[in-house]
Every structure is written in C-alpha cells, then in structure tokens.
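J.: below are the sequence and a predicted model; questions follow.
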Amino acid sequence: MRYEWDEAKATVNHAKHGVAFEMVKDFEWESALVNEKSATMKKPAGKRKLVRPTPEQNEQINAGIAADPDTRELTAKDFERMRPAADVHPEIVEAYRRSRGKQKAPTKIATSIRLSPDVLAAYKQTGAGWQRRIDEDLQKIVARRKVKQSPRKRGGGQFT
C-alpha cells in the first residue's frame with residue numbers, strides 16, 4: 001500500500017506528538033479489528049472500548065497466525081527477553097505521557113457555542129489559551145451582572 005502526506009503537517013505532528021507518519025507503513029492493516037458500530041458512534045472523551053473477537057473471528061485469527069510462517073506463539077523465553085516500551089522507544093512513551101489526560105476534578109463543562117467569525121478570529125489571534133480567555137471574559141461579565149430568575153422557564157434567567 002502506498003501512503004502520501006503533507007511534509008509540513010508530518011513535521012508538526014512529529015514535533016507535537018513524537019510520532020512520525022512514516023510509522024504507518026509498518027502497520028498491519030489487514031489484521032486490525034474494527035467494530036463498525038463503535039467506529040461510527042461518538043464515544044465520550046477518554047472512554048476506550050476493547051472489542052473482543054467473536055469465537056468465529058478468533059478461529060480465523062488463529063488460523064491466520066498458524067498459516068503465517070513469520071508468526072509464532074510466544075514462548076516463556078520470548079517473554080523473558082521483553083523490555084519495557086520506555087526502554088525500547090522512550091520518545092514515543094514520553095510523547096504519550098505528555099499528552100493531556102482526564103481531569104482529576106473537572107471544573108468546566110464542555111459545550112458548543114456559536115460565535116461571530118470576527119470574535120472567534122480575534123480570540124484565536126491571541127494564541128494558545130484563547131478558549132480560557134473567552135471563559136475568563138464571560139466570567140467577568142457574569143460577575144458584574146446579577147441573574148434574575150425568569151418566571152416562564154424553570155432554571156432560565158436573564159441578565160440585568
């Protein structure tokens with residue numbers, strides 16, 4: 001299989017995540033399992049789902065392993081020779097560890113909001129942290145105003 005990519009994007013990706021696009025050439029796409037249902041459904045952030053093969057799929061996998069002369073069952077000696085990933089590819093492990101994980105104590109709620117293009121552009125031009133700055137500016141506005149409970153909607157309110 002032939003792969004092509006934008007070198008500028010590949011360089012940025014490598015600098016940011018420590019993973020080179022060239023690694024895709026070594027991936028065994030034919031043996032990858034994909035659960036069509038989970039591949040098209042949105043999953044909550046941070047949730048990973050292990051897809052176990054059915055008994056029939058497991059038989060096919062084992063038959064493929066047995067038929068492949070380059071593949072064999074690992075022995076106890078193989079396991080003894082194994083080393084931690086951090087020893088073999090420290091750059092990949094470090095990139096993974098640097099990635100942001102789940103918040104320990106979530107203080108904000110993810111939401112979707114429509115903004116005018118000029119407002120969004122102005123905040124994005126300020127660089128990294130632009131979403132935090134939008135939140136800070138909105139908090140200042142809320143602090144200056146008192147929320148008056150609306151009699152028509154439960155939980156609704158108007159700024160005064």
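T.: Good, I have the coordinates.
J.: for residue 91, which three-state class applies?
T.: At residue 91 the chain is in helix, as set by DSSP: H, G, I helix; E, B strand; the rest coil.
J.: from the chain's centroid, how far away is the top helix by length along the chain?
T.: Using DSSP state H to define each element, the chain has its longest helix at helix 130-144. Chain-centre distance of helix 130-144: 27 Å, with CA atoms, centre = their mean, to the nearest Å.
J.: what bits of this protein have low per-residue confidence?
T.: The model of the chain has pLDDT under 70 over residues 1-2, 26-50, 100, 146-160.
J.: at which residues are the strands of it located?
T.: 147-149, 157-159 (DSSP state E).
J.: before we move on, back to that, contact partners of the longest helix of the chain?
T.: 108, 123-124, 126, 159 (CB atoms under 8 Å, 6 or more residues apart in numbering). All C-beta atoms are positioned from the backbone trio N, CA, C, and that covers glycine.
J.: highest neighbour count among these?
T.: residue 123 (17 neighbours; other CB atoms under 10 Å).
J.: and that one, how far is that from residue 109?
T.: As judged by CB to CB, to the nearest Å, residue 123 and residue 109 stand 19 Å apart.
J.: repeat that for residue 130.
T.: Separation of residue 130 from residue 109 (CB to CB) stands at 18 Å.
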